[in-house]
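Visitor: My questions are about this predicted structure, shown below with the sequence.
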Amino acid sequence: MSISSINYGSSVLGQSVQNLNNQLTTLSTQLSTGLKSTNYAGMGVNEGFAVAARAQLSNLTAFGTTMTNVNTIIAAANTGLQSLSDISGSVQSSASSSPQSLDSTGQSVAQENAATQLSSMVGILNTQVGDRYIFSGSAITTPAVASTDAIMNGTSTQAGLKQVMAEREQADLGTDGMGRLVVSQPTTTSVQVGEDAAGSPFGLKLNSVTSSLTGATVTGPSGSPAAISVALGATNPNPGDQVSFTFNLPDGSSQTVQLTATSTSPAPTGSFTIGATPADTASNLNTALTSSISTLANTSLVAASAVVAGDNFFNTDSIAIGGVATNQNTTPVPVSGTTALLSGAAGSDSLPSPGFAAGDTLTVNGTTIQFYNSSTTPPGTPGSVTGTSYVDLATTTVGGLLGDIDTITGTTTPSTVSGGVITLNDDAGSLSVTSSNTNAFTALGFSGTVTGATAAGTVVNSQATTPTPLPITGATALSGAAGTDSLGGGSFAAGDTLTVNGSTIQFYNSGTTPPTAAGTTSGTTYVDLATATVGDLLGDIDSITGTTTPSTIDGGVITIHTDDASSLKITSSDSAALAGLGFSGGTVTAIQPPLRVGGTPPGSATTLVNGTSNTVQWYTGNSGPGSARASSSARIDTSETINFGAQANEQAIRIQMQNIAVFAAFTASPTGTNSAAQINALSQRISTNLTPQAGQQSLAEMQTDFANAQTEIQAATARQTQTQTMMQNMIDQTEDVSTDQVASELLAVQNSLQASYQATSMLSQLSLVKYLPAG
């Protein structure tokens, strides 16, 4: 009988030792790595959660890196903005100092310092963080602004700011230096000041006139081009009487020229001498007004022109200018030589009622003129001058009466009637005319006793009317009957619409209920044709466009303003009505900036034109679409994005750079009479403009935007830090082991293994021979 050998490895003891060896290896690996296993299978059932947590941790690490980079960019931008704020404050302080003394260069010290500060601004705006230009919007590889030299002086093919300012100054002053105003004397006793062209954006514009001049009549602004007139009448003003003319300047400011009547000759500045006759006084007023306007034009207007030129160069705002638009008004006809003396029916060319009647008389230098009707036999032969001159009311005109008066006075200079004003002449200077019918005398433009060598009455209209259209004003109705102050050449009707930048204005009559309450802006603005005026419509358009400069009407010409030239677009369902506002062609758009003076010489120009092709583009970064902040964005969490873009052409930065550049660019003649006044006027404007205005973006507002972004980053960082801790704990709990526990288990396994080996050794010493009987 054979005995099979025993396989140790398959024995229970062998398997136990093998298991202990495996445990020892596993525990040794865990002790050295700190992990449960070196493969996913050994990690346990929760390893799937650990894998997902590790992926999330990787994302959070990436978000953290992004936030660190963005924080660096924001910090640099904030530092730059604070530097810009400091520069602005320094220039403003210098500009507000008074007086501003000029040196041999034609500039003040404050201006020369502004030039240095402008170079600093350009450097700040072209700041790079890494390879990123932080004030260029999304164009991060492109500098934000052109060089200081290019901005100020231009290039070989493109004009810089200085050239744009020089051209604008010429356009605003005009060829005669009168600010594009024309001062004249329509009659010997009147003075008129008018604009040189309707709708021109250049020069001084008429605002209003007020007068305390005794016996004088002031009218306007009216007409196209707009004009103001002062008619002195038959009597001289008294010393101390005043007349004031208010003018609008291109930068939106206004200034008043006040002239005071004085008996002093020569008259001091701001005054005019009362002459021997109203004609002499009018001549003196004309001279004083011309001088005052010239001074205003060559001081304040020059400063305002520089400011506006800066806006034309730097800003994105613009205008759309229509043609002269007229209403359907009926205007009275001035009295002329052919006007009948006898008051006739309404609409006839006769003196207004009550006129002269049979039996009324005029006494001219002691001689009587008596009026009669041809059906009544006069006391003497009609027309004779033997003591009494008889005038037939049925046939005689104003011209005939003047002839009779001249026959009595013996004047060699015939009396005249022009523009409704009758002027009587007497070579001897002893003219004396009175009337028994003061009301009828007033109908000729005179009151009381007329005396002097020359006597001019006031403007008198006959009863005739003419449908001569007048330029529209803000008070002109959008719709109306012929003969009224309503749009001519085309009026809006119920159901017509205007589309302004995509928003609808719909017209209706108050008798018709609009789709929603009138005046609402929930998608459509409703305008009542029964009450709305042109001024109301412009207000509605401005509300839609959001312009900071209100649209205007001057001499019948509408100028629509917009802060964003690229977005302005106005169309109408009624092209004829739109043409009635002065805009033909069907679509109203703005001139694209930068804006340049159109035509040569600049002093005669009447339009602004697109200067894109021949003018330096000062901002070279990206301009949109969308907000500047949205031009650069970063994801800082799975569902959170922050915007941190900045553009050098943002309003807050642009306003600072624009005004500082204008201040640095302006130069006056070192020896000019008006140079000091020009610099002081400009300095005041620059100081004011560098102060943030209500509704304008400020540098502090930009810094607040960045502070909010940093707050978001800080909150996200804190939130992600907490999440990272939680995720790491999950991973640790799933994959890590306690080294103390492993060491303890390892020692226990080692002890068990040692005992097993000892038992195995003892068993290996056993032999069957030892148990066989000796024999």
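Guide: That came through fine.
Visitor: in terms of contact, does Phe202 touch Leu181 like I think?
Guide: No - counting by C-beta atoms under 8 Å, Phe202 does not reach Leu181; the two are 10.9 Å apart. Placement of C-beta: from N, CA and C, glycine included.
Visitor: Direction included, what does the lengthiest strand in the chain pair up with?
Guide: Of all the elements of type strand in the chain, the one with the most residues (DSSP state E) is strand 254-262. On the basis of DSSP bridges, the sheet neighbours of strand 254-262 come out as strand 242-248 (antiparallel), strand 271-273 (parallel).
Visitor: Could you identify the helix or strand that succeeds the helix-or-strand element of the chain with minimal mean pLDDT?
Guide: Using mean pLDDT, DSSP states H and E, helix 12-33 stands out as the lowest-scoring helix or strand of the chain, at a mean of 61. Per DSSP states H and E, the first helix or strand lying C-terminal to helix 12-33 is helix 47-96.
Visitor: From the chain's centroid, how far away is that following helix?
Guide: 33 Å (C-alpha atoms, centre = their mean, to the nearest Å).
Visitor: For that helix, the averaged confidence score.
Guide: Averaged over helix 47-96, pLDDT sits at 83.
Visitor: Check stretch 283-291 too.
Guide: 97.
Visitor: ok, now stretch 194-214?
Guide: So the average pLDDT for stretch 194-214 ends up being 95.
Visitor: Kindly report the same for stretch 350-361.
Guide: For stretch 350-361, mean pLDDT rounds to 83.
Visitor: try stretch 131-150
Guide: Regarding stretch 131-150, the rounded mean pLDDT is 95.
Visitor: Quick one: residues in contact with that stretch.
Guide: The set of residues external to stretch 131-150 that reach it, using C-beta atoms under 8 Å, 6 or more residues apart in numbering, is 73, 76-77, 80, 118-119, 122, 125-128, 151, 160, 616-624, 628, 631-632, 645-648, 653, 657.
Visitor: Show me what counts as buried in stretch 112-130.
Guide: 113-115, 117-118, 120-122, 124-127, 129 (16 or more other C-beta atoms under 10 Å).
Visitor: can you tell me which of those are in helices?
Guide: The members of these that map onto helices under DSSP state H are 113-115, 117-118, 120-122, 124-125.
Visitor: out of those residues, which one sits closest to Ser432?
Guide: Closest approach between these and Ser432, by C-beta to C-beta: Ala114, at 67.1 Å.
Visitor: Quick check: the gap between the closest one and Thr188.
Guide: Using C-beta to C-beta, to the nearest Å, Ala114 is found at 51 Å from Thr188.
Visitor: what do you get for Gly585?
Guide: Per C-beta to C-beta, Gly585 is found 45 Å from Thr188.
Visitor: again, but for Val450
Guide: The gap separating Val450 from Thr188 is 15 Å, by C-beta to C-beta.
Visitor: quick one, which of these two is more surrounded?
Guide: Higher neighbour count among Val450 and Thr188: Val450, with 25 against 19, using other C-beta atoms under 10 Å.
Visitor: Any buried residues in the helix or strand harbouring Gly399, and which?
Guide: When secondary structure is defined by DSSP H and E, Gly399 falls within helix 398-409. Neighbour counts over helix 398-409 (16+ other C-beta under 10 Å) mark 398-402, 404-406, 408-409 as buried.
Visitor: Same check on stretch 66-75?
Guide: Along stretch 66-75, the positions that meet the burial threshold by neighbour count (16+ other C-beta under 10 Å) are 66-67, 70-71, 73-74.
Visitor: which two of these lie the greatest distance from each other?
Guide: Thr66 and Ile74 (12.2 Å).
Visitor: Wait, Gly603 touches Leu173, no?
Guide: Yes - Gly603 is within contact range of Leu173, at 6.7 Å (criterion: C-beta under 8 Å).
Visitor: quick one: which of the two has more around it?
Guide: Residue environment comparison for Gly603 versus Leu173 gives the larger neighbour count to Leu173, 23 against 20, counting by other C-beta under 10 Å.
Visitor: now that one: how far from Ala681?
Guide: Here the criterion is C-beta to C-beta. By it, Leu173 lies 14 Å from Ala681.
Visitor: Okay, now the unreliable bits of the stretch 651-775 of the chain?
Guide: For the stretch 651-775 of the chain, the stretches flagged by pLDDT under 70 are 723-724, 727-747, 749-775.
Visitor: for it, what spans make up the strands?
Guide: Remark: no strands are assigned in the stretch 651-775 of the chain by DSSP state E, counting those that start in this stretch.
Visitor: Let's verify Ala276: helix, strand, or coil?
Guide: Of the three states, Ala276 takes coil according to DSSP: H, G, I helix; E, B strand; the rest coil.
Visitor: Can you tell me how far it is from Gly452?
Guide: Ala276 sits 8 Å away from Gly452 when distances are taken as C-beta to C-beta.
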